[in-house]
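# sequence-free structure coming up:
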DNA sequence: CACATTTTGATTGTGCACAACTGAATTGTG
DNA sequence: CACAATTCAGTTGTGCACAATCAAAATGTG
């Protein structure tokens, strides 16, 4: 239909041979990455509609189904989400009757999250979700492995580059 | 440090050999996809800080630098963004003095976006952005090509699967 | 014990994605 | 011409990501 990528805006100064290459490497990768990420979210929106969950909420439920009662801190570590995301998300899950939050007796700062019976029961309804989503990707193990390897390497390199002062190898 | 992926929550019913495979294929791909996407956004946040742009705003500017004055509709097609996202984004760009919006004389429904002199001038400051980001990925052409091919294929398959009624090939 | 530091979660504010709706203008049809 | 359908932006509301800030509790140090 139309060109999906925004780039190829070079041809001005002729400032060297690396410009369009750079645009290919950064804009198009980031763009197709965002597109795939949003397509995944859209598919999850369809698949999780009957459960009344969004994808991040589903991730939280996955952790709770596996690990049981857990502090908010642990959820943030498992899912790489901070409290600014988790707090309202957990409130919505509590309002939906799936979880309950409770301050720890041992450490009054810590809030423990546990499933309600409704939350436990939802696991049965969610059993087919992974298979449906995996089937929708059309990927076999080899594809999935290649993709995950590339993404992991990419994320590591980007994380490394994003912090200018925190421990660049020669700064001491 | 800890396990980055939320999955591996099987081992309950023993309902067949495909369960952990499915979790590997869906949760972990989607998860690492989101992680990479957010890492990219975080890097762009650092790189674009001096320009006062976010990544989606930078994409809009790329299109304008390349295509010149263009209707909002065209921006949405190039970037796959709808008006609910573009309208406030363009307002912020206009408030920043980089663009101006103007109703078309020919078709009063259409709004044309054009760059201000400040918006044109910003292009010079943005020239090094693609190279900086591309360098941060650590990817060569082969890696980038492999990744983009996989992502494009994945997005296509997900888009296809996300619509239940719109022309699935065998449904009659 | 008194006091600074760290940890933990919540809160606030900004920006983006998306669905649903509104409203104006064009186009198609009788 | 009248009227329905379509197109195009905009608005509203919900949810997520993230930065900055705050408060309370635990911990460390003199």
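Okay, I see it. Predicted, not measured: the structure shown is a model, and the values here were computed from it.
# now the helix or strand containing residue A:157 and helix B:141-162, what's the angle there?
Following DSSP states H and E, one finds residue A:157 within helix A:141-162. Put simply, helix A:141-162 runs at 120 degrees to helix B:141-162, going by axes from the mean of the first three to the mean of the last three Cα atoms, to 10 degrees.
# other SSEs contacting helix A:141-162?
Contacts defined by 3 or more Cβ pairs under 8 Å, 6 or more residues apart in numbering or on different chains; DSSP states H and E place helix A:141-162 against helix B:29-47, helix B:129-137, helix B:141-162. C-betas here are computed from N, CA, C, even on glycine.
# is DNA strand D within reach of it?
No. For a cut-off given as Cβ under 7 Å from any atom of the strand, helix A:141-162 has no contacts with DNA strand D; the smallest distance is 8.3 Å.
# let me see the contact set for the residue of chain A found nearest DNA strand C.
Distance from DNA strand C to each residue of chain A (Cβ to the nearest atom of the strand) is smallest for residue A:73, at 2.6 Å. Neighbouring residues of residue A:73 by Cβ atoms under 8 Å, 6 or more residues apart in numbering or on different chains: residue A:110.
# quick check: which element contains it?
Residue-wise, residue A:73 maps onto helix A:72-79 under DSSP H and E.
# kindly report the same for residue A:100.
Using DSSP H and E, residue A:100 falls in strand A:99-103.
# can that strand be said to contact DNA strand C?
Yes. Strand A:99-103 reaches DNA strand C (Cβ under 7 Å from any atom of the strand) through residue A:101.
# what lies in contact with whichever helix or strand comes after that strand?
The helix or strand immediately downstream of strand A:99-103 is strand A:111-115, counting by DSSP H and E. If you take Cβ under 8 Å, 6+ apart as the criterion, strand A:111-115 is touched by A:64-65, A:68-72, A:75, A:90, A:98-104.
# quick one: strand A:111-115 near DNA strand C?
Yes. With Cβ under 7 Å from any atom of the strand as the criterion, DNA strand C is reached by strand A:111-115 at residue A:111.
# tally up the residues packed near the closest residue to residue A:132 other than its chain neighbours, please.
Among residues not flanking residue A:132 along the chain, residue A:47 sits closest, at 5.4 Å (Cβ to Cβ, 6 or more residues apart in numbering or on different chains). Residue A:47 has 22 neighbouring residues, counting by other Cβ atoms under 10 Å in any protein chain shown.
# equivalent analysis for residue A:88, please.
10.
# can you spell out which helices and strands pack onto the helix or strand hosting it?
In this structure, residue A:88 sits in helix A:83-95 according to DSSP H and E. Contact here means 3+ Cβ pairs under 8 Å, 6+ apart; on that basis helix A:83-95 packs against helix A:55-67, helix A:72-79, strand A:99-103.
# which positions within the second one qualify as buried?
Within helix A:72-79, the residues that count as buried by 16 or more other Cβ atoms under 10 Å in any protein chain shown are A:72, A:74-75, A:77-79.
# surely residue A:37 meets residue B:32?
No. In this structure, residue A:37 is not within contact of residue B:32 by Cβ atoms under 8 Å, at 10.2 Å.
# overlap in contacts of these two?
With Cβ under 8 Å, 6+ apart, residue A:37 and residue B:32 have no common neighbours.
# any regions of chain A where pLDDT drops low?
The model of chain A has pLDDT under 70 over residues A:1-26, A:163-172.
# count of residues packed around the closest residue to DNA strand D within it?
In chain A, the residue that lies nearest DNA strand D is residue A:84 (2.6 Å; Cβ to the nearest atom of the strand). Neighbourhood size, residue A:84 [other Cβ under 10 Å]: 8.
# before we move on, the earlier item: the residue of chain A closest to DNA strand C and residue A:102: what is the separation?
Here residue A:73 is placed at a distance of 14 Å from residue A:102 (Cβ to Cβ, to the nearest Å).
# just residue A:86 next, same as before
Taken as Cβ to Cβ, the span from residue A:86 to residue A:102 is 15 Å.
# with residue A:65 instead?
Remark: distance between residue A:65 and residue A:102 (Cβ to Cβ) = 18 Å.
# the two: which is more packed in?
residue A:65 (17 against 12).
# tell me the spacing between that one and residue A:121.
For residue A:65 relative to residue A:121 (Cβ to Cβ), the value is 11 Å.
# what do you get for residue A:28?
From residue A:28 to residue A:121 the distance is 44 Å (Cβ to Cβ).
# what do you get for residue A:136?
Relative to residue A:121, and taking Cβ to Cβ, residue A:136 is found at 25 Å.
# between these two, which one's more packed in?
For residue A:136 versus residue A:121, neighbours defined as other Cβ under 10 Å are more numerous around residue A:136 (23 against 11).
# chain neighbours aside, what residue packs nearest to that one?
For residue A:136, the closest residue by Cβ to Cβ, 6+ apart turns out to be residue B:161, at 3.5 Å.
# so who does that neighbour touch?
Here residue B:161 is in contact with A:43, A:135-136 (Cβ under 8 Å, 6+ apart).
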